[in-house]
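Chemist: Following is a predicted model, sequence given first.
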Amino acid sequence: MIAFQNVSKVYENHSASTALNSVTFKIEPNEFVSLVGRSGAGKSTIIKMLIGEDRPTKGRVIFGSYEVNKLKNHELPFLRRHIGVVFQDFRLLPHKNAYENVAFALEVAGSPQQEIDELVPQVLDLVGLSERMYNFPHELSGGERQRVAIARAMIHRPEVVVADEPTGNLDPFNTWEIIKLLAKINELGTTVILATHDKEVINFLKRRVITIDKGEIIRDEEKGKFILA
Ligand code: ADP
């Protein structure tokens, strides 16, 4: 279970800017939740708070038995095994092929070679990339690169996958392929949190939608529709 309890985030730069203002919500296991809002609304900030990349100025972020806002830096890798993250710009290592990009996530976690040999082909099969596993990122389409990133996010069998504008760099065809893949991952038992401002994607999914505007939740609907004035 994920819970944000009155989470506020103020960035202190030249002038203080409030990225989140007392945000409260809960996400139950196996939900598929979209975070919707204009650019600058606060979607990425919510994700950063959830994965412990940054800390709230106020409030609590709960992930299962963890209170994320209190974790020390050396404790974050434990949290990150439970949350797979996918970004708009894929963030693959350019000099490693698809297989090696996914394997690397296990290597840094100290997994034995036998486990790597077993799991990497399984997860690449899950995302439909068995045929392309020895290709390098520059040899793959945008959609295929995002599949590699999703495979990497899934390698620790996380309870939650968080995708921050994962289709932002993709054409409509690849957008649908990636959204269908996220829906499949959710059906197989993983919570999915999708930050997007793609109206068609939201209306297609017909799942819960949390709408954020200027750092506040302005709507939270089951089977939501994309409504932004
Ligand atoms: P979204 O993901 O919805 O586009 P963000 O969460 O990235 O929105 O940003 C929310 C607000 O916080 C914006 O006004 C943005 O300019 C501000 N912001 C985000 N990150 C920082 C930062 N590191 N320093 C200062 N302001 C930031």
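Modeler: On my side now, so go ahead.
Chemist: remind me which residues of the chain are low pLDDT?
Modeler: 225-229 (pLDDT under 70).
Chemist: Quick one: name the residues of it near the ligand.
Modeler: Within the chain, the positions near the ligand by CB under 6 Å from any ligand atom are Y11, N13, S17, A19, G37, S39, G40, A41, G42, K43, S44, T45. Bear in mind the C-beta positions are built from the backbone N, C-alpha and C, glycine included.
Chemist: so how far is the longest helix seen in the chain from its chain's centroid?
Modeler: Ordering each helix of the chain by length in residues (DSSP state H) puts helix 172-187 first. Chain-centre distance of helix 172-187: 13 Å, with CA atoms, centre = their mean, to the nearest Å.
Chemist: Please enumerate the helices of the chain.
Modeler: Per DSSP H, the chain carries helices over the ranges 43-50, 76-80, 98-108, 113-126, 142-154, 172-187, 199-205.
Chemist: Mind putting these into a markdown table with mean neighbour count?
Modeler: As requested, the helices of the chain are exported to a markdown table (neighbours: other CB atoms under 10 Å):
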| stretch | mean neighbour count |
| --- | --- |
| helix 43-50 | 22 |
| helix 76-80 | 14 |
| helix 98-108 | 20 |
| helix 113-126 | 16 |
| helix 142-154 | 24 |
| helix 172-187 | 17 |
| helix 199-205 | 17 |
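Chemist: Which one, of these, ends up nearest to R219?
Modeler: Comparing those by their distance to R219 (CB to CB), the top pick is helix 199-205, with 11.7 Å.
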